[in-house]
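S.K.: 3D model of this:
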Amino acid sequence: MELLRLSLLVILIINIAGFICFCNVTTLKKTICIIPVCMFAVVSALIPFNIFLYISIIAIILLDFMVVLLYVFLFCFKNKDISSGSYDKEQFSNKKIMFFVPHPDDELNLGAGLIERFIEFGSDVWVVFATNGDYIDLENGKKRINEAIRSLKAMGVLKNNVILLGYANDWIQGDILNSTEKVFSSMWGNTKTYGLQNHQDFHFQSHGVHAEYTKDNYLNDIKEVLQYIKPDSIFCVDMDTHPDHRITSLLFEQAMSELLIEQRQWKPQVFKGFAYRYAWFAPRDFYTYCSTLENSSENHSDLLPFYTWDSRLRFPIHPKVLTPLKRSSSAYQSFLAHGSQGAVDFFDCIINSDKIYWERRTDIIPYKTAVSLSTGDTVFKNFFCFTEINNIVEERPTQAKFISTDENDAVVFQFGKQEQIAVIWIHLLSSNNINAVMLDFGSGWFSYPVTLTEENKAVVVLPSTIITDKISLKSIDIQNHNTSFSFVEFFSTIPEKSSRWIKIADKNNNFIYSAITQNDQLQFSVYDTEKDGCYQILTDGQTQYEIKANEVFSIPVTKKKITLRVQLVDNSKVFDEIKICKQSKLTKNIMHVLYKFERLIDRMFWNITKIETWFVQHF
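M.R.: This is a model prediction of the structure:
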């Protein structure tokens, strides 16, 4: 009996020692399965029944065998053949990238998987937090800042590239967008920006003092941080349901509006995304390798009308983030770092095979004001803001619009100086059916035909470039009546398309980074940012055939490893490439067992992630 008990305690010590060692060497995510073993051994060692000792030892050995299988999978069967494509050079390499988010943990919602890919290919990634997430008190704010720094470190982001604006998470005043009070207060009474002792807020670093919580300071800090970083691409949160997300989006767009007027040569790519609808509140579909779904979180009406599903841009994530087991994902430790928010519990929702955004053009001609002819009211104060909202706490944002009331209604767009106008984009209200556009450049009204797009947009291409300092515009419907429209964008030349990339996907259009199968044939499709084209299919360097957009094609799997390449017929420099690997039955069974084991552990030990989080924070 004593020998059995001693054996049990030795197994316990070995498990704990191995756990701590592997925690420091390979991170917690590869060893967490030992925790239930340790807990079981402790309980068993205290129970005086002989039969339970035998059962405990057998159970521990079985569980340890599962851990060994987990190690075998992680280090032997893990597919190291990841995809590569022209987008790695064109979109991800050697750029200065900025992620602008409201709270510590929103970097996961907006950029998990994408940040790692940018860093992998040598880009300089900056993350700017508008608030400290301090909805409880000062200590809560400092804790969340430290969690964010730890999370981003796991992704590869330098600490000096983490910027804190230091504003509050929620306000006593509620709707600070229209508050009459000059200085706002956080929920626990703070009125100035702050950071950590060794990582101060941006205003303090720039000016030597903390900024008071005013809307003007908030806006100016955003402008200054944009000028300080001068990123090539910006990923910013859009109009989610949370007031902090909304004020971050609105003030960012106002700052961009002012900077695009003041610094005409700076035209970064801007991508807006939703942190809730397509991340935090999305379906738990990690294990299905699914792409971000259109019907995610149907009870959240935060998607704006002009963001049509077909106009979204799908970015490929880092392949090591999307793995068969979530604990083998390179992103898992970043989620564990946000212990106070329980971010790891939303890992299954946030990680998909793609990240989606909507692009906002910055090569437009900025106008200073847009005034209604009939009323004299300023109808568009901020040419870069597409939304209208009067109360960020209680109201749903709507599409910015000019509502026509009579035949004389028009909007005068004033540029402030002479500009060249070649193309006009008129964004329509969802119910519009525009037939023509009436324009007045100062010499009278003329009618111009329009081309309607799938994105609820009417495109006017002028016969020749017009030089003017203002344009009067009204839209005409199919009954020849004056009709309403939304915001308008002007271009000096025909707008160039953004960088084009293609990505291999499965037959259901889910992005694929490597294909592991037992089947003799696999079906694929192609995602193209321009949604049209002809593609050449090659396997192991040999051309097989050509396909057109939206076609599903089949590849026979005749050997253990095949290189599949898809490229544009008219431009072979635009391509994507993956490996197809033939999987043995043994490997498949091991993967299936480990998958079931991970799901079982998560269900049986509901607080297992709290233990994981504690170890990540202390080792």
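
S.K.: contacts and neighbour counts: CA atoms only from here.
M.R.: Will do.

S.K.: Tabulate the CA atom coordinates of the longest strand along the chain in CSV.
M.R.: Counting by DSSP state E, the longest strand found in the chain is strand 457-477. Output in CSV follows, covering the C-alpha atoms of strand 457-477 (Å, rounded to 0.1, in the frame of the first residue of the first chain):
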residue,chain,number,x,y,z
LYS,A,457,-22.8,53.0,-55.9
ALA,A,458,-23.5,55.2,-59.0
VAL,A,459,-20.3,56.0,-60.9
VAL,A,460,-20.0,59.0,-63.1
VAL,A,461,-17.1,59.2,-65.5
LEU,A,462,-16.9,62.7,-67.0
PRO,A,463,-16.2,63.0,-70.7
SER,A,464,-13.2,65.3,-69.9
THR,A,465,-11.5,66.5,-66.7
ILE,A,466,-13.2,69.5,-65.2
ILE,A,467,-11.2,72.1,-63.1
THR,A,468,-13.4,73.8,-60.5
ASP,A,469,-13.6,74.9,-56.9
LYS,A,470,-17.1,73.7,-56.4
ILE,A,471,-19.7,71.3,-57.8
SER,A,472,-23.5,71.4,-57.5
LEU,A,473,-25.1,67.9,-57.6
LYS,A,474,-28.5,66.4,-57.6
SER,A,475,-29.6,62.8,-58.6
ILE,A,476,-32.6,61.9,-60.8
ASP,A,477,-34.6,58.7,-60.4
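
S.K.: Pull the distance from the next helix or strand after it to the chain's centre.
M.R.: Counting by DSSP states H and E, the next helix or strand C-terminal to strand 457-477 is strand 482-483. Computed by C-alpha atoms, centre = their mean, to the nearest Å, the separation of strand 482-483 from the middle of its chain amounts to 38 Å.

S.K.: In the stretch 251-400 of the chain, where is pLDDT below threshold?
M.R.: Within the stretch 251-400 of the chain, the stretches with pLDDT under 70 are 294-305.

S.K.: if we can go back for a sec, just the buried residues of the longest strand of the chain, please?
M.R.: 457-461, 468-476 (16 or more other C-alpha atoms under 10 Å).

S.K.: Number of residues surrounding T539?
M.R.: 18 (other C-alpha atoms under 10 Å).

S.K.: And the pLDDT for the nearest residue to it once chain neighbours are set aside?
M.R.: Excluding the flanking residues, the one nearest T539 by C-alpha to C-alpha, 6 or more residues apart in numbering is L564, at 4.7 Å. Looking at L564, its pLDDT is 94.

S.K.: and L564, helix, strand or coil?
M.R.: strand (DSSP: H, G, I helix; E, B strand; the rest coil).

S.K.: Next, find the distance separating it from S554.
M.R.: Distance, L564 to S554, by C-alpha to C-alpha, to the nearest Å: 11 Å.

S.K.: can you check F380 too?
M.R.: For F380 relative to S554 (C-alpha to C-alpha), the value is 51 Å.

S.K.: sorry, back to before: of the buried residues of strand 457-477, closest to L594?
M.R.: K457 (49.4 Å; C-alpha to C-alpha).

S.K.: what angle separates the helix or strand in which S447 is found from strand 457-477?
M.R.: Taking DSSP H and E as the criterion, the element that holds S447 is strand 445-449. Counting by axes from the mean of the first three to the mean of the last three C-alpha atoms, to 10 degrees, strand 445-449 lies at 130 degrees to strand 457-477.

S.K.: average model confidence for strand 445-449?
M.R.: 91.

S.K.: how many other residues sit next to L429?
M.R.: 22.

S.K.: So it sits against V488, correct?
M.R.: No: the criterion here is C-alpha atoms under 8 Å, and L429 misses it with V488 at 11.7 Å.

S.K.: wait, the residue nearest to T539 sits on V557?
M.R.: No: counting by C-alpha under 8 Å, L564 stays clear of V557, with 10.6 Å between them.

S.K.: and for the two, which residues touch both?
M.R.: I580 (C-alpha atoms under 8 Å, 6 or more residues apart in numbering).

S.K.: Got phi/psi on E107?
M.R.: phi -60, psi -30 (degrees, to the nearest 10).

S.K.: I misspoke; the intended subject was Y135.
M.R.: phi -70, psi -10.

S.K.: if you skip the residues just before and after it, what's nearest to it?
M.R.: N169 (5.1 Å).

S.K.: what about Q269, how many neighbours?
M.R.: There are 17 residues near Q269, going by other C-alpha under 10 Å.

S.K.: Show me what it is bridged to.
M.R.: With DSSP bridges as the criterion, Q269 is bridged to S233.

S.K.: Could I get the contacting residues of it?
M.R.: 232-234, 359-362.

S.K.: Turn those residues into CSV, including neighbour count.
M.R.: As requested, these are arranged in CSV below (neighbours: other C-alpha atoms under 10 Å):
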residue, neighbour count
D232, 16
S233, 18
I234, 21
E359, 18
R360, 15
R361, 15
T362, 19
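
S.K.: from those residues, which is closest to D244?
M.R.: Of the contacts of Q269, the one sitting nearest to D244 (C-alpha to C-alpha) turns out to be I234, at 18.5 Å.

S.K.: my guess is that closest one contacts V101, does it?
M.R.: No: the pair I234 / V101 is not scored as a contact, 10.6 Å apart, by C-alpha under 8 Å.

S.K.: Would you check that the residue nearest to Y135 makes contact with L138?
M.R.: No: applying C-alpha under 8 Å as the test, N169 and L138 come out as separate, 10.9 Å apart.

S.K.: Compare these two (neighbour count), which wins?
M.R.: N169 (21 against 16).

S.K.: Now that one: phi and psi?
M.R.: According to degrees, to the nearest 10, N169 has phi -90, psi 100.

S.K.: Same check on F490?
M.R.: phi -110, psi 140.

S.K.: If you drop the residues flanking it in sequence, what lies closest to the residue positioned nearest the centre of the chain?
M.R.: Residue closest to the mean C-alpha point of the chain, counted by C-alpha atoms, centre = their mean, is L110 at 3.0 Å. Counting by C-alpha to C-alpha, 6+ apart, L110 lies nearest to A275, which is 5.6 Å off, once chain neighbours are set aside.
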